[in-house]
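Peer 1: Here is a sequence together with a model predicted from it:
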Amino acid sequence: MPAVSKGDGMRGLAVFISDIRNCKSKEAEIKRINKELANIRSKFKGDKALDGYSKKKYVCKLLFIFLLGHDIDFGHMEAVNLLSSNKYTEKQIGYLFISVLVNSNSELIRLINNAIKNDLSSRNPTFMCLALHCIANVGSREMAEAFASEIPRILVAGDTMDSVKQSAALCLLRLYKTSPDLVLMGEWTSRVVHLLNDQHMGVVTAAISLITCLSQKNPDEFKTCVSLAVSRLSRIVSSASTDLQDYTYYFVPAPWLSCKLLRLLQCYPPPEDGAVKGRLVECLETILNKAQEPPKSKKVQHSNAKNAILFEAISLIIHYDSEPNLLVRACNQLGQFLQHRETNLRYLALESMCTLASSEFSHEAVKTHIETVINALKTERDVSVRQRAADLLYAMCDRSNAKQIVAEMLSYLETADYSIREEMVLKVAILAEKYAVDYSWYVDTILNLIRIAGDYVSEEVWYRVIQIVINRDDVQGYAAKTVFEALQAPACHENMVKVGGYILGEFGNLIAGDPRSSPLVQFNLLHSKFHLCSVPTRALLLSAYIKFINLFPETKSTIQEVLRSDSQIRNSDVELQQRAVEYLKLSSIASTDVLATVLEEMPPFPERESSILAKLKKKKGPGAVSVSELEEGKREGGELNGGSDRGADTAAMAASNASTPSPQADLLGLRSTAPVGSAAPSAGSLLVDVFSEAGPATPSAAVNDDGFLRFVCKNNGVLFENQLLQIGIKSEYRQNLGRMYLFYGNKTSVQFASFTTTVSCPGDLQSHILYMQEHFVEPLVEGGAQVQQVLNIECLTDFCDAPLLNIKFRYGGALQNLTLKLPVTINKFFQPTEMASHDFFQRWKQLSQPQQEAQKIFKANHSMDTEVLKAKLLGLGTALLDNVDPNPENYVCAGVIQTKNQQVGCLLRLEPNAQAQVLSHTHTHTHTHTHTNLYSCL
Amino acid sequence: MQFMLLFSRQGKLRLQKWYVPLSDKEKKKITRELVQTVLARKPKMCSFLEWRDLKIVYKRYASLYFCCAIEDQDNELITLEIIHRYVELLDKYFGSVCELDIIFNFEKAYFILDEFLLGGEAQETSKKNVLKAIEQADLLQENIDFQMRLFAGNFGGKPNNPCCSIRSVALDVNSPPQGQQKQHPSNINTDFEVTGLLFSLISQPSCLK
């Protein structure tokens, strides 16, 4: 193989690159670049037509400048020109520039597409590949529109060269990822699947990526690939290391293809056909056996390739989760890797074992490695490996080993890396709650957690311990005693003070009998921390003090004195000052009875999902390994929270709540907004739910009703569209019932997360129409995907406002919030009524009482084209009656609005005149405001 | 695979390939963040790390870091070998490749990558086949060059191939032996970066373990 700079050296480019590299400073580099840019610009703008070589050279220089991290805003056109050059390297550089620099919504796409089209039809395989590479690199929707139907043809055609087939397969994959709706395999499906049988290994390697992706989306259509994949895999696995020639990599036959085959099989359940399944199990066993054989080479590439296949096979075994024998073998193999000298293998073994731990067949086998894993947590030098070890400990935890694992995690926390502490804290808190047999252990664990890693104990963790202590009366005394002891440490974390303040304020009486923790001692202990704490904690402590006054009247004077001191009652912080003033007043004027009612012990919290769990889930994302495990934990953990039906208590609490001077008085700031904290105030919620997505940070988007008016006279169409999202509507109405299909299309190629939609009825609309959401949308909307939602609507009485649809989702981290008016208008419930002229005017006259009649003159905004107007009136839902009115210029309509409670007949006349003014005249039954509502539609 | 980045020990980006549509701003942000993270890691640490919702697989070859971002269900070890195969391809093509080769012939590095990986998936894993494709393309150019020179009548008349003389030298000696520092056509090593650019990527002890 000859060395460097083959084919086409570009002297100018090499000199330029050298110049840049010789620059002594960033400034010099920028100067040199600007000089070059000016030069290129003048060349491109100059009168002299540039030859292909120069054009190529300059485009290449621009590319280099771009890759250095500078913005390039010209030269695109020259690059596009290069595409149609008949010199290969010019074409190639043109394509490269476009692949790197042209983003998918460029205006040049049409020109580029033309060049691609020419190259695709050139029948020159090298040119075809270049064009296909370009499509795969840019992958824009316009390209998909232009080529998505052409490429499958190239892919399966008998006379296509292998290299072109390979490019075509992956090109199609890219287009399918960006615009799945445009890539329709249909008739090609079976021929594409049969590419798995192709003689050329490269074609199979490329095609399998496409097939895997398509199978994930349409498993049924592609299910024939299972048996083909198994037989291909079996042939590779049983082949000698030299059989596959250049597809053997460091003595491992076709490692990439093997991994992909195993990955494809993970899209399907175990094969039903016994023979196929037998063959597959054989393959998996062979792979596991090979892992035990001595290596054929000492090179790391050999072991990596071999183990890549092994890990993929183990993933498949875990995916099937039905072969206990294989699962246990997999577990043993991973166990060996746990002590391997390669860090990479230890990392992967820990990771893979995490999923094995959740299988009932291998859970016990995984547990046998607990000591090794604990050791890894203590001794691994790489934080990412330690993180995996912590994950695995969490996954293998059950009742039998919870105390050991929690203890190990706690002791690890003392020295743990800052980056993983928060997650570790959450995990310890969850495990402690989930597997608590006695609650004193639970309380000890959490208090230890606060002691060791107080800074990383988020609010939800200490909220949770308080919830549990409040809900379990058997642990309250113990909690009070322990927290009292913990507070005696000279330096204790502020979170400890919070828990201490809350618990002693509620249950301090349970330990007051002991002279070592008499009320005054308790108070002095708490108050000794007061000055070191932040404002929210101080606020909480003030509330604890007023609770003390209720619990222990003997502390009243001491506490009143504290409240009365300037540092409290004149505190510059409004919240603290208000509390001090109000509590002082409350304690001096209220009778003991009132005080006792106001400052009653907190009622149990209603059961809800553990906030900690919610937080961990959010941290880990929905795809986290052990989410299902967690859910289970939640159910188990439920019992911790005690009773289920607490309605009465809640009501009582609400009442006591109302009688307090400050809404926060007896709540210690827990139930409403944390006094100064930044948590979201969730009105009506009994406990601050800091996790609810709908924080106040969300700017409430203005109602968008652009699309709304267009739907007055039609039922289907696009309601809303922007860069990200398209919302289409299809609706049908029958009598007083309607059904609306909403289609949400993700126009980007990025997933929308936390996608939620809510329909609300503003004002008193609720009493006029009923809606029912039938299908809730999935919280994840894949890039390019469309999801559907069905809404059932019932009209109870006539109405004016339209319901609002609110859509929230995360697009690349940013919360998007959108509110739209749903096009549900009163006229949708019209039933057209045909009637003759005589009937019409008879009824018209009958309905002539003032409240039954309304008229309005308005200016037509659009031209008064008869046909258009007619179509609109029909679209309104009424029957258009011809030959009724003596004046042929007038339009006469009749219909009945169907609501649940009654039917309202409507007669309508439009009398347009030459000045484009319209007199509209309606007569209806009884309801005055029906007129208004109808007019708003008109 | 979502993207591949090649950067030097000094954090200079040498090659970037994105298989998912992202804005330039986002690309720069990701690059900055990842280069920093990877460079901060110590030599013996494992080659994988979790980053956002992706997995990062990286490996250092002499002065260059090769860094790939893969999705959750993708295989880390095989990705590591994708990197290695790419290095092998570069090495074979350039003849004991070094960082400087990739700087001066960045377009070739892209072409080889496109033959090997397309849309983030392996297109052709056979070394022979990939190099054959590249060679064919080069041949196409050689022929054209040759014709042009014939018609132009003078060898160095057109400044379109400054390196041809050096190339022929390399051809004569049948490519330099591995591990040696190469004579590079534009080897003016006075830039403000640290040296190491001329070390052959693949014969460094760091990757022989």
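Peer 2: Okay, I see it.
Peer 1: burial of residue A:251, as a residue count?
Peer 2: As a burial measure, residue A:251 scores 16 neighbours (other Cβ atoms under 10 Å in any protein chain shown). Yep, even glycine has a C-beta here, placed from its N, CA and C like the rest.
Peer 1: Which helix or strand contains residue 65?
Peer 2: Defaulting to chain A. For residue A:65, the element it lies in under DSSP states H and E is helix A:52-67.
Peer 1: Switch to chain B, please.
Peer 2: Per DSSP H and E: strand B:64-70 holds residue B:65.
Peer 1: go on, residue A:285?
Peer 2: Assigned by DSSP H and E, residue A:285 falls in helix A:274-292.
Peer 1: Sort out which residues of that helix are buried, please.
Peer 2: Under the neighbour-count criterion of 16 or more other Cβ atoms under 10 Å in any protein chain shown, helix A:274-292 has A:276-277, A:279-281, A:283-285, A:287-288, A:290-291 buried.
Peer 1: What of stretch A:230-244?
Peer 2: Per 16+ other Cβ under 10 Å, stretch A:230-244 contains these buried residues: A:230-234, A:236-237, A:244.
Peer 1: Residue A:206 is in contact with residue A:192, correct?
Peer 2: No - the pair residue A:192 and residue A:206 fails to qualify as a contact (Cβ atoms under 8 Å) at a distance of 11.4 Å.
Peer 1: Comparing the two, which residue is more hemmed in?
Peer 2: When neighbours are counted by other Cβ under 10 Å, residue A:192 and residue A:206 differ, and residue A:206 comes out ahead with 33 against 20.
Peer 1: The closest residue in space to that one that isn't next to it in sequence: how many residues sit nearby?
Peer 2: Spatial nearest neighbour of residue A:206, excluding adjacent residues (Cβ to Cβ, 6 or more residues apart in numbering or on different chains): residue A:166 at 3.9 Å. Using other Cβ under 10 Å, residue A:166 is surrounded by 30 other residues.
Peer 1: Please tell me I have it right and residue A:166 contacts residue B:124.
Peer 2: Yes - if you go by Cβ under 8 Å, residue A:166 and residue B:124 touch, sitting 5.9 Å apart.
Peer 1: Tell me which residues are up against the helix holding residue A:285.
Peer 2: A:226-227, A:230-231, A:233-234, A:237-238, A:265, A:270-271, A:306-307, A:309-310, A:313, A:316-317, A:323, A:326, A:329-330, A:333 (Cβ atoms under 8 Å, 6 or more residues apart in numbering or on different chains).
Peer 1: returning to what we had before: is chain B within reach of the helix or strand just after the helix holding residue A:65?
Peer 2: Per DSSP H and E, helix A:52-67 leads on to helix A:76-83 as the next helix or strand towards the C-terminus. No - contact of helix A:76-83 with chain B (Cβ under 8 Å from any Cβ of the partner chain) is absent, the minimum separation being 12.5 Å.
Peer 1: Can you name the next helix or strand after helix A:76-83?
Peer 2: helix A:88-101.
Peer 1: And the next helix or strand after that next one, what does it pack against?
Peer 2: Later in the chain than helix A:88-101, the nearest helix or strand by DSSP H and E is helix A:109-120. Helix A:109-120 sits against helix A:76-83, helix A:88-101, helix A:125-138, helix A:141-147, with contacts defined as 3 or more Cβ pairs under 8 Å, 6 or more residues apart in numbering or on different chains; DSSP states H and E.
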